[in-house]
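Asks: missing the sequence, but the structure's below:
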């Protein structure tokens, strides 16, 4: 079996890393094509998991539009796929690298496996452009690795054949558990570095385009109000480098003593921050999956989520970005609601997703060698 995996952002790399590691352990000659859609953040993850790309496209340019990125990606990925003779191309999630990687594979008649398939908000502009990226990838893919039963049901509604879907759990849990197992000493050192080991704090992240401006400012006002009323509570916020985000955050919390505002951190550092936090407030998708493994309740700062399993399992609450709603949700976590959420089981898996994906692919590859062309 001669597979390739294509990824370019930090979240993709985190979720593909355990699959890459497990494939190499099994002697599978997987080739890594890194688009470097997120250059610095991607490199941090590659270093952590000790992954060296076989191809590095270094695709980003300052001020590049989505159209320009798409055009450059399709050209560069196509060159590699024509050179190599891959049995499968694996893509992950919902980035432009994901969609274009699957499209290039389709043009070269290479089967596509979609890791974390079936996420849907059913609003093509929320989140933008991710919702459309994952839908288009799902249309191209032959093999769909769904994190949950609900994701599988979404795919079945779109007429994907059930034999081509496998519920695996999410590989982000594999990555988190790998780091906890292999980097515990580093995690403890990071807690000392940020002076958070003995602090009670809320971990906050906000960066989504649809939350820029007033939504972020609403949330920051709610947090400031809460911190002023709760003397023991702090807030740690790795603030995105986007100037619009930073302006909104620092305008309201820049002089707040208990608001610890730091620059974006590496993945390993972020795990340490999650591990020590009291609970988490975020508009990120991946954090909704990771936090339950660490027993951290999550308040989701969005109108919609493509991970309703977290809401249904009780590990997360969808609270939006209105100031009063955010404040009241924070107050509610002072009650038994906190214990209930922190003890809820993670609906996104137990760390075996990579093994299930490989087993599925090996079965299909062996069937093909025997002349059976379908899974």
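Replies: Looks like it came in fine. Since the model is a prediction, treat every value here as computed from it, not as a measurement. Residues are numbered from 1 along each chain as shown.
Asks: so where is the stretch 101-250 of the chain shaky, pLDDT-wise?
Replies: Counting by pLDDT under 70, the stretch 101-250 of the chain contains no low-confidence range.
Asks: One more pass at 90, please.
Replies: Along the stretch 101-250 of the chain, segments meeting pLDDT under 90 span 121, 126-128, 195-198, 208-209, 241.
Asks: For it, which segments count as helices?
Replies: With DSSP state H, counting those that start in this stretch as the criterion, the stretch 101-250 of the chain has helices at 130-140, 149-157, 171-182, 184-193, 214-229, 243-253.
Asks: Mind listing what's buried along the last one?
Replies: What it means is helix 243-253. Buried residues in helix 243-253, counting neighbours by 16 or more other CB atoms under 10 Å, are found at 245-246, 248-249, 252-253. In this view, the C-beta of every residue, glycine as well, is placed from N, C-alpha and C.
Asks: Mind checking which residue lies nearest the centre of the protein?
Replies: residue 286 (3.5 Å; CA atoms, centre = their mean).
Asks: That one and residue 39, how far apart?
Replies: Distance from residue 286 to residue 39, counting by CB to CB, to the nearest Å: 19 Å.
Asks: Residue 359 and residue 110: what is the separation?
Replies: 20 Å.
Asks: of those two, who's got more company?
Replies: Per other CB atoms under 10 Å, whichever of residue 359 and residue 110 has more neighbours is residue 110, with 19 against 14.
Asks: Got phi/psi on that one?
Replies: In terms of degrees, to the nearest 10, the main-chain angles of residue 110 are phi -110, psi 130.
Asks: ok, back up a step: need the helices of the stretch 101-250 of the chain in JSON lines (columns: distance to residue 43).
Replies: Shown next, in JSON lines, are the helices of the stretch 101-250 of the chain (distance: least, CB to CB, whole Å):
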{"stretch": "helix 130-140", "distance to residue 43": "22"}
{"stretch": "helix 149-157", "distance to residue 43": "30"}
{"stretch": "helix 171-182", "distance to residue 43": "16"}
{"stretch": "helix 184-193", "distance to residue 43": "17"}
{"stretch": "helix 214-229", "distance to residue 43": "27"}
{"stretch": "helix 243-253", "distance to residue 43": "22"}
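Asks: looking at those, which is closest to residue 328?
Replies: Proximity to residue 328 (CB to CB) singles out helix 214-229 among the helices of the stretch 101-250 of the chain, at 8.7 Å.
Asks: in that closest one, what counts as buried?
Replies: 215-224, 226-227.
Asks: Now do residue 25: how many residues are near it, please.
Replies: By the measure other CB under 10 Å, the count of residues near residue 25 is 10.
Asks: Check the one 10 residues further on too.
Replies: Taking other CB under 10 Å as the neighbour definition, residue 35 ends up with a count of 30.
Asks: and if you look at residue 142?
Replies: 18.
Asks: Now do the contacts for it.
Replies: Contacts for residue 142 (CB atoms under 8 Å, 6 or more residues apart in numbering) come out as 111-113, 164, 375.
Asks: make it 6 Å
Replies: Residues in contact with residue 142 (CB atoms under 6 Å, 6 or more residues apart in numbering) are 111-112.
Asks: got it, and the one 4 residues further on?
Replies: Taking CB under 6 Å, 6+ apart as the definition of contact, the neighbours of residue 146 are 117-118, 152, 165, 167.
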